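Q: heads up, no residue letters with this:
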């Protein structure tokens, strides 16, 4: 049922998604879904965190640059889908308590994964202070959200590597 | 009238602002405003670009770091006001043609100012390629928008210098 909901979420904006559609795709009865999750929102929360864990991967490539490019490419790919845009839009605008709870749980999960990447990098001596993880991750993700929401412009094919280069190396010439 | 509208925009969200309020604050008749701008939206566009020019300053401090910290501090200060949050929220969500036009004009103006800062930095040899301006500016602004919209968290007092350090220097240790 999670798989069915996740697949549908990549096709249908969350607001338009119904428990009936998820049940039909999963080949189960609606009551089965309500028995397990109680509400559509609880199911969506579970789906979001599963999506985050399975699709927005953070593989251990052995370098900070490799880890971040892999992670940010996965996020960029997701944000290019209608569901990704819809979730970013919803996450920036929804003010009800359920949405706030979903949003906080989702971002807590994402920042924890980013922190693990920076902790490994600090252990390798690539970064001096792993506490930079939070701001660096906000810059990587925030730039893409800003691009698609505030500017309504597409994410370039090479956005992940360009952003990671920016955040890792900075823009100053070496001699400065 | 522009001053009156700008002052009100810092107190009242743009959606709630009326031409009557602006006229009262400016001490003129509503018809005077309609004669000059035609619509409330045209007036708001003018106000936004004036705000951008006057409040979101980009002084020539002699260094890229100084220029950017001054500019980003002004933006952060604005985003901390109810009007700043409301405009960021509106800019990320409004889909009507008028809003799109306002948004495009506003961001074109902002990116032009950021480009001027990076062109000066390139002339001083601080950056190798001034074309990095667009992505760097998106990262600086996008991080703050993401923080207040998607995460609903406040901007730290030192957000401008932390963000500028991140974008100028990167996070890698010097020896890497």
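A: Good, I have the coordinates. Source: prediction; values computed, not measured.

Q: from now on I want contacts and neighbour counts done on CA atoms only, so please keep to that.
A: Will do.

Q: just to be sure, residue A:151 is in a strand?
A: No: under DSSP: H, G, I helix; E, B strand; the rest coil, residue A:151 falls outside any strand and is assigned coil.

Q: wait, it sits on residue B:104?
A: Yes: taking contacts as CA atoms under 8 Å, residue A:151 lies within contact range of residue B:104: 7.4 Å.

Q: and the least confident helix or strand in chain A by mean pLDDT, what's buried?
A: Taking mean pLDDT, DSSP states H and E as the measure, helix A:40-54 is the helix or strand of chain A with the lowest mean score, a mean of 79. Residues of helix A:40-54 classed as buried by neighbour count (16 or more other CA atoms under 10 Å in any protein chain shown): A:40, A:43-52.

Q: ok, and what's touching that helix?
A: A:2, A:5-6, A:18-19, A:34, A:37, A:98, A:102, A:105-106, A:109-110 (CA atoms under 8 Å, 6 or more residues apart in numbering or on different chains).

Q: what's the first helix or strand after that helix?
A: Toward the C-terminus, helix A:40-54 is succeeded by helix A:64-79 as the next helix or strand (DSSP states H and E).

Q: does stretch A:84-95 reach chain B?
A: Yes: taking CA under 8 Å from any CA of the partner chain as the criterion, stretch A:84-95 and chain B are in contact, through A:88-89, A:91-93.

Q: okay, strands next: where are they in chain A?
A: Using DSSP state E, the strands of chain A do not appear at all; there are none.

Q: run through the helices of it in chain order.
A: Across chain A, reading from the start of the chain, the helices by DSSP state H fall at A:2-9, A:19-26, A:30-37, A:40-54, A:64-79, A:82-93, A:97-123, A:133-149, A:159-169.

Q: and the second one with helix A:2-9, angle?
A: With axes from the mean of the first three to the mean of the last three CA atoms, to 10 degrees applied, the angle from helix A:19-26 to helix A:2-9 works out at 120 degrees.

Q: ditto for the fifth one
A: Regarding helix A:64-79 and helix A:2-9, their directions subtend 70 degrees when assessed with the same axes, to 10 degrees.

Q: how far out from the middle of the chain is helix A:64-79?
A: When C-alpha coordinates are averaged (CA atoms, centre = their mean, to the nearest Å), helix A:64-79 and its chain have centres 10 Å apart.

Q: who's in contact with it?
A: Outside helix A:64-79, the residues that reach it (CA under 8 Å, 6+ apart) are A:55-61, A:84-85, A:88, A:117-118, A:120-121, A:126, A:140-141, A:144, A:155, A:159-161, A:164-165, A:168.

Q: hmm, try it at 7 Å
A: Outside of helix A:64-79, the residues that reach it under the criterion CA atoms under 7 Å, 6 or more residues apart in numbering or on different chains are A:55-61, A:84-85, A:117, A:121, A:160-161, A:164.

Q: now the third one
A: Outside of helix A:30-37, the residues within contact range by CA under 7 Å, 6+ apart are A:19-20, A:23, A:43.

Q: what distance separates it from the centre of its chain?
A: Here helix A:30-37 is found 26 Å from its chain centre; the criterion is CA atoms, centre = their mean.

Q: same check on the first one?
A: Here helix A:2-9 is found 16 Å from its chain centre; the criterion is CA atoms, centre = their mean.

Q: output the contacting helices and strands for that helix.
A: Applying 3 or more CA pairs under 7 Å, 6 or more residues apart in numbering or on different chains; DSSP states H and E, we find helix A:2-9 packed against helix A:19-26, helix A:40-54.

Q: can you give me the angle the last one makes with helix A:97-123?
A: On the basis of the same axes, to 10 degrees, helix A:40-54 is oriented at 10 degrees to helix A:97-123.

Q: equivalent analysis for the first one, please.
A: An angle of 50 degrees separates the directions of helix A:19-26 and helix A:97-123 when computed by the same axes, to 10 degrees.
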